[in-house]
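In: Structural data only, the sequence is not supplied:
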């Protein structure tokens, strides 16, 4: 059986205030093409389908159109779960009136996770979808006040899913978590509300023949080759500029052994860090890529960013190499502290206050205001 493992689409996201609608459209096209050209049996989307709980209408329409294409242009089944950026209820609503023989869509945590069972030439393969849930929701779901960490929650979910897997069935688990030992990126939102240990042990997935993970944005296996992150299809920060984004084509044989092939994504705009003297960078070919310029000039350059944007209209950052030599600061958890995205910080506050995220119009106003602030700082 062939599985195309993807995750962390983050539809509706912006890169430093710049919309990514066209970038996401190209990525979704490439996923559909991979399904058809590689004879994929199952498409897996391991959470963070949208960038926030209340995504813009354009993102919802984009994803609905994508699912319609998968349903009409391919024979692939779909398994997808909600991630920590998603609204579980929104994702769950997509399961209403779907063909349950061809789709498993899990938005809200459940104490009775039933799998989607598909059959190939070697017999049944069971897919269990474990949507992301915070501890308070898990305590209510499982009636267990002893669930205090993400690992406690995931262990309870896996145990519930395992009970519904017939003996001798090959088993695929889809989850959204931070598995200990994996490499993170700056653009990922922590999975704990107030501090705490957010990582989980790969041992909680014991018995699964393949674990399709979401949350971390770099493609990687962790703990064992069959426990894998596909990574996000787009880079969402300059720390990912060196990362080749890909989807994972997984083939499971008769006894549950897996072979994994990475299929690279081709973005329409790359994320690049350019280093050199200001005058040298101005000689480069014009590009719409997202650029972080690291200047090696000894003296400050007048109107540095404005002139860089004549060549790179989507330049987002300009710093001097001498300012990057600050000593490294390590977090107590061993994970690099991420620089908060201002839009996310404001959005989280709004959602906390009124139990509802930004509307599309409100997002435009906030993004516009932040853009004007950034331009003011560039002028200074």
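Out: Good, I have the coordinates. Computed from a predicted model, the values in this text were never measured in an experiment.
In: where does residue 60 fall, helix, sheet strand or coil?
Out: The three-state label for residue 60, taken from DSSP: H, G, I helix; E, B strand; the rest coil, comes out as helix.
In: Test for you: state the pLDDT assigned to the closest residue to it other than its chain neighbours.
Out: Spatially, and ignoring its direct neighbours in sequence, residue 60 is nearest to residue 50 (7.6 Å; CB to CB, 6 or more residues apart in numbering). The way it works is simple: take the backbone N, C-alpha and C, and place the C-beta from them, glycine included. The pLDDT attached to residue 50 in the predicted structure is 97.
In: shouldn't residue 50 be in contact with residue 10?
Out: Yes - Residue 50 lies in contact with residue 10 (CB atoms under 8 Å); the separation is 7.0 Å.
In: Find the residues that touch each one of those two.
Out: With contacts taken as CB atoms under 8 Å, 6 or more residues apart in numbering, residue 50 and residue 10 have residue 85 as neighbours in common.
In: Let me see the domain layout of this structure.
Out: The record's domain parsing of the chain by automatic domain parsing lists 2-264, 271-379.
In: In terms of mean pLDDT, which of those ranks lowest?
Out: Taking each of the domains of the chain in turn, the one with the lowest mean pLDDT is domain 271-379, at a mean of 78.
In: before we move on, back to that, which of the domains of the chain has the highest mean neighbour count?
Out: Mean neighbour count (mean count of other CB atoms under 10 Å) peaks for domain 2-264 among the domains of the chain, with a mean of 19.
In: With residue 126 as the reference, measure out to residue 230.
Out: Plainly put, residue 230 is 20 Å away from residue 126 if you go by CB to CB, to the nearest Å.
In: and if you look at residue 212?
Out: Applying CB to CB, one obtains 13 Å for the distance of residue 212 from residue 126.
In: Residues in contact with both of these two, list them for me.
Out: Shared between the contact lists of residue 212 and residue 126 (criterion: CB under 8 Å, 6+ apart) are residues residue 172.
In: Need the three-state assignment for the residue in the chain sticking out farthest from the centre.
Out: Note on the chain: the largest separation between a C-alpha and the mean C-alpha position, by CA atoms, centre = their mean, falls on residue 299 (39.5 Å). At residue 299, secondary structure determined by three-state DSSP is coil.
In: Name all residues that make contact with residue 127.
Out: The contact partners of residue 127, taken as CB under 8 Å, 6+ apart, are 42, 44, 79, 104, 115, 116, 117, 118, 172, 174.
In: Among those, pick out the one closest to residue 349, please.
Out: The shortest separation between residue 349 and any of the contacts of residue 127 is 30.9 Å, and it belongs to residue 174 (by CB to CB).
In: Now for the closest one: which residues touch it?
Out: By CB under 8 Å, 6+ apart, residue 174 lies in contact with 44, 46, 79, 80, 81, 127, 128, 129, 130, 211, 212, 214.
In: Whichever strand or helix holds it pairs with which strands?
Out: With secondary structure defined by DSSP states H and E, residue 174 is part of strand 170-176. Strand 170-176 has these partner strands in its sheet, going by DSSP bridges: strand 123-130 (parallel), strand 210-214 (parallel).
In: At which residues are the helices of the stretch 51-200 of the chain located?
Out: For the stretch 51-200 of the chain, the helices identified by DSSP state H, counting those that start in this stretch occupy 57-73, 88-93, 135-142, 150-162, in order along the chain.
In: Now do the last one: everything it contacts.
Out: The contact list for helix 150-162, computed with CB under 8 Å, 6+ apart, reads 109-113, 115, 128, 130, 133-135, 138, 142, 144, 146-147, 171, 173, 175, 177-178, 191-192, 197-201, 204-205, 207.
In: mind redoing it with 7 Å?
Out: In this structure, residues lying in contact with helix 150-162 by CB atoms under 7 Å, 6 or more residues apart in numbering are 109, 111-113, 115, 128, 130, 133, 135, 138, 142, 144, 147, 173, 175, 177, 191-192, 198, 200-201, 204-205, 207.
In: Show me which of the contacts of residue 174 is closest to residue 271.
Out: Top of the list for closeness to residue 271, among the contacts of residue 174 and by CB to CB, is residue 214 at 20.1 Å.
In: Test my guess that that closest one contacts residue 9.
Out: No - the pair residue 214 / residue 9 is not scored as a contact, 9.5 Å apart, by CB atoms under 7 Å.
In: so what sits against both of these two?
Out: Common contact partners of residue 214 and residue 9 (CB under 7 Å, 6+ apart): residue 48.
In: Which secondary structure state does residue 362 sit in?
Out: Reducing the assignment at residue 362 to three states with three-state DSSP gives helix.
In: go on, residue 274?
Out: Secondary structure assignment for residue 274 (three-state DSSP): strand.
In: Residue 346 too?
Out: helix.
In: Find the nearest non-adjacent residue to it, please.
Out: residue 366 (5.8 Å).
In: Can you name the residues that contact that neighbour?
Out: For residue 366, the set of contacting residues under the criterion of CB under 7 Å, 6+ apart consists of 343, 346, 358.
In: Quick check: the gap between the second one and residue 84.
Out: Residue 346 sits 18 Å away from residue 84, taking CB to CB as the criterion.
In: And the first one, by the same measure?
Out: Going from residue 343 to residue 84 by CB to CB gives 16 Å.
In: The stretch 201-350 of the chain: strands as residue ranges?
Out: Under the criterion DSSP state E, counting those that start in this stretch, the stretch 201-350 of the chain contains strands at 210-214, 220-222, 224-229, 246-252, 258-264, 271-276, 290-295, 315-320.
In: Sheet partners, orientation included, of the shortest one?
Out: What that stands for is strand 220-222. According to DSSP bridges, strand 220-222 has the following sheet partners: strand 224-229 (antiparallel).
In: could you give the angle of the partner strand to strand 246-252?
Out: Following axes from the mean of the first three to the mean of the last three CA atoms, to 10 degrees, one obtains 140 degrees for the angle between strand 224-229 and strand 246-252.
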